[in-house]
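*Asks:* Model the following, please.
(2 chains)
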Amino acid sequence: MRATGFLAPTPDRGLSRQKSIWSVLHLDPVLLMLLLLLVGGGLFVLYSGADRDFGMIKAQGIRMGVALVVMLVFAQLDPSIYRRWAPWLYLVGLVALVAVLLVGVGAKGAQRWLALPGLPRFQPSELMKLVVPIMAAWFLSRHFIPPRLTHVAVALAIVLIPMALIIKQPDLGTALLVGTAGLFVVFFAGISWKLITAFLAMVSVAAPMMWFFVMRDYQKQRVLTLLDPQSDPLGAGWNIIQSKTAIGSGGWSGKGWLQGTQSHLEFLPESHTDFIVAVLAEEFGFVGMLALLGLYLLILFRCMYIAVNAQDSFGRLVAGALTMTFFIYIFVNIGMVSGLLPVVGVPLPLISYGGTSSVTLMAAFGVLMSIHTHRRMITA
Amino acid sequence: MPWGEFKDTAAERRLFQRRALVALAMVLLLIGGLLARMYQLQVVEHQTYITLSDKNRVQVQSVPPTRGLIYDRNGDLLAENRPVFSVTIVPERVPGMEQTLAALMALIAVSDDELERFQRRLREPRRPFQELPLRYDLTEDEIAALAVHRHELPGVEVSAELVRYYPHGEITSHALGYVGRINREELQDIDPVNYAGTNYIGKSGIERFYEEQLHGQVGYQHVETNARGRTLRVLARENPVPGEDLRLHLDLRLQKLAYKLLDGRRGAIVAIEPETGGLLALASVPGFDANLFVTGISVAAYRELSTSHDKPLFNRALRGQYPPGSTIKPMMAIAALDSGATTRERTVWDPGYFQLKAGGRRYRDWKRGGHGWVDLTESIAQSCDIYFYDAAVRMGIDTMYDYMSAFGFGEDTSLDVSGALPGLLPSRDWKQAVRNEPWYPGDSVNMGIGQGFLLATPLQLATGTAVLANRGRWAQPRLLMDVDGDLPLDEVVPEPAHSDIELNNPNDWEFVADAMAEVMHGRTGTARRAAAGAPYRMAGKTGTAQVFSLAQDEEYDAEEVRERLRDHALFVGFAPLDNPKIAVAVIVENGGSGSGTAAPVARAMFDAWLLGFPEDLDSVEAGMLNLEGE
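*Replies:* This next block holds a predicted model:
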């Protein structure tokens, strides 16, 4: 089939003698501009969501700066480095995940952090969001594309083992993101639609089993709450009722910046973290949501453009999977806040307050830029 | 990758492009789904959610009206409203009551009593989101301490409310009644809208009788609150209509004097302005500090008041039902003259006793040996019992009943005094119904001198005396003189219904009044010492009522028993004789003789009202007026 203009491969810039500043820095100016726009606008919304706490904006600004530096660093590394290191990183990640289950620290009944002496506290599951798709891409790109059934099975194992370890913590949100990142690699590798259909059928059978054997009571409660928030309006249903009220009361054009009553009068919980999109919807209305989703779409398109134009299968698979991970972030978060999905701890990417996911996401964009800007000087 | 195999990179690229298109289509579809969801919430169902959001933040609060003030006839304040800072808790907003209480007690002093009262209110039915007071009258330091920690204590508020305050406490407690917190029974009866923000209601006295006028109309304000229920700003306000200020006939100076005169004793003084029926003084001694009851009295303090032998909570003026004794004689004289049972000139031989038939039971005169031949004037002046035994038998119970009810006995004739008792005016029917016995002539004999079954309250005695002073014209006793504002008086005070007493010979009024003047000014008048040296003429009648027994379950020491078995001293009177400005009834429980104990009290009241109040009321001493008579 013929690719559309947007996705069509462009003439390799590597041929041109003149190297632009962007290729020296290994950055994609279009993606960078879009990301800066998103981060800047996000801080603007966060200022309202955090109830005019300038200290929080400063902290978040610094985090975003760090995340951008991380992106810059990741962009400098040649994709071949990621490919070569993939198995080792994956092994380290698995060991760390096991370690978390054994000696991890955390709160609210979940062990997610690893505090090793001499190292800053970190979340191994966060690392796996990057490592799992890279590992899967490394494995599949070594073999024939589309992969054979045995290779698919190995790839699925690569994805499902860390996913299971993360579910065990328990951290459903991260497990979901790690799992989808890996599965999208398999999808992009071109497994047959028959297999995809079979897989989806399996999932729909497995879902009730999950309900009975895997999901914890609080997770079941979240699903039940989604179905009927009014059953416990002051308890579990409170978040979802208040966030829907915030979104709905915004109307077409919103109540105005800093004028959101739901967030500023503290009816909306987590208004600066997971539920920040409700603040945006309340204060900027449907128009604001159109702008946000539009911006996200542009980023997604640019990322997919990078993926399509990658030089080899490894690059394509990694870039495509990371792009879709970013999308899953967006969809799960907004779906949850607007009452379409159960409450899962997934932040709104690059806008919610907090550093961990921002750094991971920016690192992912760094990998994408690396794939885009490191080109071998041979023509296909 | 095994390099030995050939890879079709172009095919791989094409395959990826196809999959990327599928993925992008999915992205577009799902983002479109999110947009559709947003459209549904923000555009289609916007109205629903904007309503929900407003309901979240905007709350309608009721603003209680300020309770009307109460003044005496001279404009002296008797009941006012005082700002009191209290710490209140909204149980619905408190995450954990135990922890919150513990945290509060670390900041402010809360007594066991207050804690117990709070716990009790917590269990009782109440309006949702109502503030429950934990402690009143916070000090400045405590308010500051709570302000510092208020963010740690959701549901806890320091609130200022206007609370009723009686500056004269004990002096006015029985005359005004008091307000208190609305209790469970009252909650059933009040208008829930108008009392939405009100915590207090009139419990007794005129505070209760004029509750509607004193309370006012509730106001509203729309306030913006945050999720924790803190009020952030007022959006709109409809002011409450404050309650009406009341002006009473009561004279604070006379009321104070009455308390002073009975200080250290038990008794009651009721003073009425005959012209209007206005109550000038309504004293029941001992009284109690009504302020204790406003914010809720502690169990210990209440037990002390309610079990005291002096019964300070008992309103003797309105509810004390005593045998009127000889104070009934002027009214009996009117009855006897008008019914023809006796004449002004008729004399009766008093040998010291009276017999219905020869050899029958002897009804004794108070004076051993008797008064000899006495006419009506003499028998009033000297309080001769024999004359009235005879007159009573001649009249019979039916006639006495008719005349005594014309003077207001056996019913509560007061217009706006709540809680007054009717006393007991016996009749044939009453005795048949209650005692299942016929009326015996001996019953009439006793009734002629105000003993036997007849019981009257000090208020009734003062009212009857005022009718005598008015020469038969009725002015029913009342407290309210004036309502501040445009409320017409006759809309709030009940319609007087008692008809005047018309005598066959209206001159009999003057005759009996003159005989009462003889009590005070005559050579042999029983109260002549109490009236000595007065620059005006007055009318009066002394009385004593026997105390029959003490309640068996009460314990007294020997000296107390002797004191409490003494007769009650009574006195009724009015002054000046020809143009009465004041009618008074005095009862001093276990006071001994009416002439020695009660009459001087009345004289002091007359003097103060007619000649002017003593410069320094504190110099008045109860004991100083105690004269010995009879």
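*Asks:* which ones are touching the residue of the stretch 401-550 of chain B found nearest chain A?
*Replies:* In the stretch 401-550 of chain B, the residue that lies nearest chain A is residue B:485 (40.7 Å; C-beta to the nearest C-beta). Just so you know, the C-beta spots here come from the backbone N, C-alpha and C atoms, and that holds for glycine as well. By C-beta atoms under 8 Å, 6 or more residues apart in numbering or on different chains, the residues touching residue B:485 are B:244, B:245.
*Asks:* Am I right that residue A:100 is in a helix?
*Replies:* Yes - counting by DSSP: H, G, I helix; E, B strand; the rest coil, residue A:100 is located in a helix.
*Asks:* what sits against it?
*Replies:* Applying C-beta under 8 Å, 6+ apart, the residues contacting residue A:100 are A:111, A:112, A:113, A:114, A:124, A:125, A:165, A:169.
*Asks:* Near chain A, which residues of the stretch 451-600 of chain B? Just list them.
*Replies:* Counting by C-beta under 8 Å from any C-beta of the partner chain, the stretch 451-600 of chain B comes close to chain A at no residue.
*Asks:* list the buried ones in the helix or strand that contains residue B:514?
*Replies:* Using DSSP states H and E, the element containing residue B:514 is helix B:507-521. Buried residues in helix B:507-521, counting neighbours by 16 or more other C-beta atoms under 10 Å in any protein chain shown, are found at B:508-509, B:511-521.
*Asks:* Point out the other helices and strands that it packs with.
*Replies:* Contacts defined by 3 or more C-beta pairs under 8 Å, 6 or more residues apart in numbering or on different chains; DSSP states H and E place helix B:507-521 against helix B:329-339, helix B:376-381, helix B:458-469, helix B:528-531, strand B:539-545, strand B:568-575.
*Asks:* which SS class is residue B:84?
*Replies:* strand.
*Asks:* I'd like the distance between it and chain A.
*Replies:* Applying C-beta to the nearest C-beta, to the nearest Å, the value for residue B:84 to chain A is 30 Å.
*Asks:* Now for that residue, how many residues are close by?
*Replies:* 18 (other C-beta atoms under 10 Å in any protein chain shown).
*Asks:* just residue B:300 next, same as before
*Replies:* 10.
*Asks:* my read: it touches residue B:113, true?
*Replies:* Yes - using C-beta atoms under 8 Å, residue B:300 is in contact with residue B:113, at 6.9 Å.
*Asks:* Can you tell me the centre-most residue of chain A?
*Replies:* Nearest to the geometric centre of chain A sits residue A:326, at 3.8 Å (C-alpha atoms, centre = their mean).
*Asks:* Nearest residue to residue B:502 in space, ignoring adjacent ones along the chain?
*Replies:* Of all residues not flanking residue B:502 in the chain, residue B:472 sits nearest, at 6.8 Å (C-beta to C-beta, 6 or more residues apart in numbering or on different chains).
*Asks:* Please tell me the pLDDT value assigned to that neighbour.
*Replies:* With respect to pLDDT, residue B:472 has a value of 93.
*Asks:* May I ask which helix or strand encompasses it?
*Replies:* Residue-wise, residue B:472 maps onto no helix or strand under DSSP H and E.
*Asks:* residues in contact with the helix or strand residue A:226 falls within?
*Replies:* Per DSSP H and E: residue A:226 is located in helix A:217-227. With C-beta under 8 Å, 6+ apart as the test, helix A:217-227 has contacts from A:170, A:172, A:211, A:215, A:231-232, A:236-237, A:240, A:339, A:341-344.
*Asks:* Please tell me I have it right and residue B:518 contacts residue B:379.
*Replies:* No - using C-beta under 8 Å, residue B:518 is not in contact with residue B:379; the gap is 10.4 Å.
*Asks:* Okay, now the unreliable bits of the stretch 101-250 of chain B?
*Replies:* Scanning the stretch 101-250 of chain B for pLDDT under 70 picks out B:126-129, B:228-229.
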